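1. what's the 3D shape of this:
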Amino acid sequence: MNNHVENDHASIAKYLRQDRLPHIWCAGCGIGPALNCFLRAIDKSGLDPDKISVVSGIGCSGRVAGYVKLDSFHTTHGRAIPFATGLRLANPDLKAVVFSGDGDLAAIGGNHLIHAARRNIDMTVICVNNFNYGMTGGQVGPTAPYDVRTSTTPYGNFEPAFNLPMLLYGSGASYIARWTVIHLHQLESTIMEALLKPGFSFVEVISPCPPVYGRMNKEPDGLNSLKNYVKRSVIKNGADPGETEITQDGPIVVGKFVDVVRPTLQESMARMAAKAKKPAAK
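-> Numbers count the residues shown, from 1 in each chain. Below is the predicted model of the structure:
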């Protein structure tokens, strides 16, 4: 049993910059389990680690780029996706992965998110969603449900929230899934599937944020949130993305929602280039 645990740990430890540990994440935070699933997915995918680039923006989840022992880039706020787009277009052999948070990706980076999905750029985006800006004081985020309390909405959120699977579906993503960090096996399998999927793949990871969001919404430690996920999660693979909205106390619909085949941006560019080379008909 001990040998199995040691071997299991070694399978992901080789992808971490050990000299930068321990990490900065708070006790009960879900980013660690999400990163664990990501690294296990890489290990099982058969992808060459030397051809994987991890790009993060600003925020708690953005620290992932600094901890992984892969080619990685910690970019400015909201700009992870355009940076990854440049990497992918400049070197088609790379597998570009964006690992960031809901504020970075869906707020300041929201325009980049929808246009990358529209273009079907060949990259995987892992969005850790804790419904607030955890690193900077727990301000309300673009995915925060109605009535939840944050440091900037102490009496309850009054703004409508983004339903990220619906947003990405409307934008044209080829692959869309959502799990919580209590669904570790499903999350690992889904991330591996997303990594191997051509086109724009998006995985939303619902995660606790105990010190700020959790404390203000009766989930003061990570275990409270995990118990809440067990109680509220409903697995519905193939669910209509329009029916996956998260409310304060309603069900959290999880599963794989979209898995379709569309030409990637690179394929569309190659087709257009080939068309341009054809001699004009006489």
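2. Could you spell out the sheet neighbours of the helix or strand V234 falls within, each with its direction?
-> According to DSSP states H and E, V234 maps onto strand 233-235. Counting by DSSP bridges, the strands paired with strand 233-235 are strand 252-259 (parallel).
3. in the strand it pairs with, what counts as buried?
-> I252, V253, V254, G255, K256, F257, V258 (16 or more other CB atoms under 10 Å). C-betas here are computed from N, CA, C, even on glycine.
4. so D221 touches C29, yeah?
-> No. Look at D221 against C29 with CB atoms under 8 Å: they stay out of range, at 10.5 Å.
5. Of the two, give the one with the bigger neighbour count.
-> Per other CB atoms under 10 Å, whichever of D221 and C29 has more neighbours is C29, with 25 against 15.
6. Please give the number of neighbouring residues around K197.
-> Other residues close to K197 by other CB under 10 Å number 16.
7. Could you do S189 as well?
-> When neighbours are counted by other CB under 10 Å, S189 registers 18.
8. Enumerate every residue touching N130.
-> Contacts for N130 (CB atoms under 8 Å, 6 or more residues apart in numbering) come out as G30, C60, G101, D102, G141, I206, S207, P208, C209, Y213.
9. Nearest to I235 among the residues you listed?
-> The shortest approach to I235 among the contacts of N130 belongs to I206, at 13.0 Å (CB to CB).
10. beta partners for that closest one?
-> If you apply DSSP bridges, the partners that I206 bridges to are N129, T180.
11. Can you tell me how far it is from L164?
-> Note on I206: its distance to L164, by CB to CB, to the nearest Å, is 10 Å.
12. Then P145?
-> To L164, P145 is 12 Å away according to CB to CB.
13. Among the contacts of N130, which lie within helices?
-> Of the contacts of N130, the ones assigned to helices by DSSP state H are D102.
14. nearest to F73, of the contacts of N130?
-> Nearest to F73 out of those is G101 (CB to CB; 15.8 Å).
15. thinking again about what came up before, with distance to S171 as added columns, please give the buried residues of strand 252-259 in JSON lines.
-> Putting the buried residues of strand 252-259 into JSON lines (distance: CB to CB, whole Å) gives the following:
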{"residue": "I252", "distance to S171": "22"}
{"residue": "V253", "distance to S171": "19"}
{"residue": "V254", "distance to S171": "20"}
{"residue": "G255", "distance to S171": "19"}
{"residue": "K256", "distance to S171": "17"}
{"residue": "F257", "distance to S171": "13"}
{"residue": "V258", "distance to S171": "11"}
